[in-house]
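Asker: Turn this into a structure:
(2 chains)
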2 protein chains.
Amino acid sequence: MTPLKLRLATITIIHLSLFLLVSSGEVFARADTPEQIAAGLRQKAMTDSGAMEIVTDLTTEIGPRLAGSAAEKRAAEWAKQRFEKIGFDKAWIEPFPLEHGWVRGIEKAEIMEPSPQPLVVTALGGSVPTPTNGIEAEIALFRTYDELLAAPIGSLKGKIAVVTPPMVRAQDGGGYAFASKIRGAGPSQAARRGAVAYLLRSLGTDGRRTPHTGATRYADDAPRIPAAALTAADAEQLERLVACGKPVRVKLLLTPRDLGAVTSQNVIGEIKGSEKPDEIVLLGAHLDSWDLGTGAIDDGAGVAIVMAAAKLIHDLPQRPKRTIRVVLFGSEEPGLLGGKAYLKAHTNELDHIIVVAEPDFGQGPIYRMQTGVTDSEEPSLLRIRAALAPLGVLPGNNESHGSSDVEPLAEAKVPAVGFDMDGSDYFDFHHTPDDTLDKIRPERINQSTAVYAVFAYLAAELGGDYRAPAPRLTK
Amino acid sequence: MTPLKLRLATITIIHLSLFLLVSSGEVFARADTPEQIAAGLRQKAMTDSGAMEIVTDLTTEIGPRLAGSAAEKRAAEWAKQRFEKIGFDKAWIEPFPLEHGWVRGIEKAEIMEPSPQPLVVTALGGSVPTPTNGIEAEIALFRTYDELLAAPIGSLKGKIAVVTPPMVRAQDGGGYAFASKIRGAGPSQAARRGAVAYLLRSLGTDGRRTPHTGATRYADDAPRIPAAALTAADAEQLERLVACGKPVRVKLLLTPRDLGAVTSQNVIGEIKGSEKPDEIVLLGAHLDSWDLGTGAIDDGAGVAIVMAAAKLIHDLPQRPKRTIRVVLFGSEEPGLLGGKAYLKAHTNELDHIIVVAEPDFGQGPIYRMQTGVTDSEEPSLLRIRAALAPLGVLPGNNESHGSSDVEPLAEAKVPAVGFDMDGSDYFDFHHTPDDTLDKIRPERINQSTAVYAVFAYLAAELGGDYRAPAPRLTK
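Answerer: Here you go, the predicted structure:
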């Protein structure tokens, strides 16, 4: 941070404090300017955005919400009812088919030699099972992914490949982006080299004994081998034992099941615009979660942020000109399946979407606004940036392609905004049993909700157009 | 902390820094005074005590070491060899019978109503199993243990009792002492009131999804019901669901097994005194651990501290006058069984033990020295306190009864010293899968080893006698 930026940040904080101090009485009046209304939204959200209550209810009343599961369906019903309770004009569920439902089974691993002891593992999402009595084999350990790739084809014959690089902690999640191929492509890379099973050090930044799951993607040209994540402590234990020089043998038992075709669903709620109801500001989040925790940071927080932001706008004395549409996607975790289904189902109305944004990186705070629009200096965007500055949001570049479920829309040239959330501790909990409500802090989720509320309100009210001048899709 | 104490602490820290700064060249010379030798032990231990290597090897080469298990036996052989490798004059194993070996089995719990979702639990040590298809029942939740005790006999008929007070974090572990009856006596108290199973919020100070095991003690006059610990997050989830007002039903499956009679063992190593070999300074620690982690903080750290302290003394140019005896106890976790067996086997030589001490509260640092001796102002004790002051060790009271395995000795009137370790974070990991090597910090375990080395050396060299003038045991 340069001294100038530091000064600006300090001024921002002072502004915010003063604002909270001097405001009193009625927050909104009908004659207020959009900026005054945005200021009221900021104040209200920072005090109590309502997001905490939503994430509490979702993670308590439903709990984990695995893609395509009965729990995910219950969550969809819950969300629809919540939209209706808030007073959305419309709320509906759009089912879509899922080629493969998947459920976790037993997951057990142990060191057999040279020193028998259990290992803590969890199957990667989509992993095939081991034989029912498990796989026991010597391990071939690689401290970097590149070392695995450098191993000759066939060289891992009969072995369990183990890949153990630690993941780097970074505010923007860059460590995950860098390491994600170890989980996604690793099993097939190991299988091509002859491995019979695959273990990786969890993609996580914590030092706790809770492993991180997440989807793997088998390639078509390699045998499908069982794949699981070790905790950091277990990966380091294997590293130390291998360093002793004796062969290390591991036994792995995984019994996940492919359920075949199931259904999932997106849940959609709308607050109709007062003047241009056909123009849509779309906020997304995903309703499904992995099964180990209760999906509080991933993505219960996102669900709460967009629902609460929409409710804050709904509760204004006068609704904004454009429609606010909230889409709670299903089956994000297995590979943005809800986002892809939404794009397919709504191809004909893409021209109506003014802008999309989705929080899917925990609870925040949000520290930067990126755009992916035709003209990033469009006047209303300048006003939005100014209205977000008191919340500590920096301006960013114009390279955003949204995040998660709205990425397919952004790829179809729908304008996107990406709000960068501080993910410094996100990967301490992400995809683990520890993704639970107690990790959510009101002051963090309130700030994120304030950002989304101000953004969505001004994008719907100010009338700025971020779309390309020409049709975007060749239909 | 009063300003005066704060000043003293600051001076202590400055002393220590200066000491480390100005020392150079050979650490020990034959003509050194005991205080000079103690200063050399401090310096060496604070730089590299050797404890880190020992705890690394124990937790890696052996891993978990459940009381009475094959792993505990491997650990005993490992320890005996380690004593021999260090150069102890004698090292031997003393087996003793264990009435009940116990192993963990499947442990599974889930909320069935009103919102199906899994719970993370672990069986308490010694718990009986549930029926093979589990127990499903409505829960009766108590936010304090007193509320459970206030429930009338018979009032919990057919229910699963759940007790959920959070444990208080305290430097001296006072929160654990206060809460331990919830785990020890709770199951029988619930059974007397008709409960069919018992769940408690883990005795822990963390907010992570790793439950804390630990022994429970069934009373003879109550049915033995299955008992398990929930994580904090799971306990709070049940609290929220109960607060919603609908009945909450939980299913619990535990398949631990009572193995019947097995054997355990204490491992003993001795460095004979140069002038008074029959007078013993006894350092203890326990070699067994719970099965979930690798027993790094409980009590691999203690094992490493006393072994490394003894090695530092062994490596002096001249050995101290009295014998240093290190006892690594077996089966501490089920109820100080190694300590009791040692007392029974060594009753005839209690008069030879000058003083006992045992680290069993993690890695330190040690911040206070308590005594349990005839005269706490005995001159050599004053010299020991002075030699420990540069390590930041405060003087304490004379109420100590040692800790863990040496408590039976202290109860038999053997003089004891209790070194208070900073346990502020101990119960974040204690008895969980997270009790692993990565939690140990060299600077912390080195300081504790320095304290034990200086203490044991001076207690063996200075000739102070802390024993009662009359025979202590009526044999």
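
Asker: For the stretch 301-450 of chain A, which residues score under the pLDDT cut-off?
Answerer: Of all residues in the stretch 301-450 of chain A, none has pLDDT under 70.

Asker: likewise the stretch 101-250 of chain A?
Answerer: Checking the stretch 101-250 of chain A against pLDDT under 70 turns up nothing.

Asker: what are the ranges of the helices in the stretch 1-150 of chain A?
Answerer: Using DSSP state H, counting those that start in this stretch, the helices found in the stretch 1-150 of chain A span residues A:3-22, A:34-48, A:51-57, A:70-86, A:145-150.

Asker: buried residues in the fourth one?
Answerer: What that stands for is helix A:70-86. A:71, A:72, A:73, A:74, A:75, A:76, A:78, A:79, A:80, A:82, A:83, A:86 (16 or more other CB atoms under 10 Å in any protein chain shown). The way it works is simple: take the backbone N, C-alpha and C, and place the C-beta from them, glycine included.

Asker: Which secondary structure elements does that helix sit against?
Answerer: Applying 3 or more CB pairs under 8 Å, 6 or more residues apart in numbering or on different chains; DSSP states H and E, one finds that helix A:70-86 contacts helix A:51-57, strand A:90-103, strand A:257-271, helix A:301-314, strand A:322-329.

Asker: what's the closest of those to residue A:382?
Answerer: Of all the helices and strands packed on helix A:70-86, strand A:322-329 sits nearest to residue A:382, with 18.4 Å by CB to CB.

Asker: Would you mind listing the buried residues in stretch A:139-155?
Answerer: A:139, A:140, A:141, A:142, A:143, A:145, A:148, A:149, A:151.

Asker: Report the two of these separated the most.
Answerer: Greatest spatial distance among these (CB to CB): A:139 and A:149, at 17.4 Å.

Asker: Quick one: residues contacting residue A:332.
Answerer: Contact partners of residue A:332, counting by CB atoms under 8 Å, 6 or more residues apart in numbering or on different chains, are A:67, A:286, A:288, A:299, A:338, A:339, A:360, A:404, A:405.

Asker: sec struct for the residue most central in space within chain A, please.
Answerer: Centroid check for chain A by CA atoms, centre = their mean gives residue A:360 as the closest residue, at 3.0 Å. With DSSP: H, G, I helix; E, B strand; the rest coil as the basis, residue A:360 sits in coil.

Asker: what about the residue nearest to it when sequence neighbours are not counted, how many residues close to it?
Answerer: With sequence-adjacent residues excluded and distances taken as CB to CB, 6 or more residues apart in numbering or on different chains, residue A:360 is closest to residue A:404, at 4.0 Å. Using other CB atoms under 10 Å in any protein chain shown, residue A:404 is surrounded by 22 other residues.

Asker: now the helices for the stretch 151-300 of chain A?
Answerer: Under DSSP H, counting those that start in this stretch, the stretch 151-300 of chain A gives helices at A:174-184, A:186-192, A:232-243.

Asker: and those helices, which is most packed in?
Answerer: helix A:186-192 (a mean of 24; mean count of other CB atoms under 10 Å in any protein chain shown).

Asker: now for that helix, which elements pack on it?
Answerer: helix A:145-150, strand A:160-163, strand A:197-201.

Asker: Put the alpha carbons of the longest one into CSV.
Answerer: The C-alpha trace of helix A:145-150 is given here as CSV (Å, rounded to 0.1, in the frame of the first residue of the first chain):
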residue,chain,number,x,y,z
TYR,A,145,2.9,-31.2,-8.5
ASP,A,146,5.5,-30.6,-11.1
GLU,A,147,7.5,-33.6,-9.7
LEU,A,148,4.4,-35.8,-10.3
LEU,A,149,4.1,-34.5,-13.9
ALA,A,150,7.8,-35.2,-14.4
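
Asker: Just give me how far that helix sits from the chain centre.
Answerer: Helix A:145-150 sits 28 Å away from the centroid of its parent chain (CA atoms, centre = their mean, to the nearest Å).
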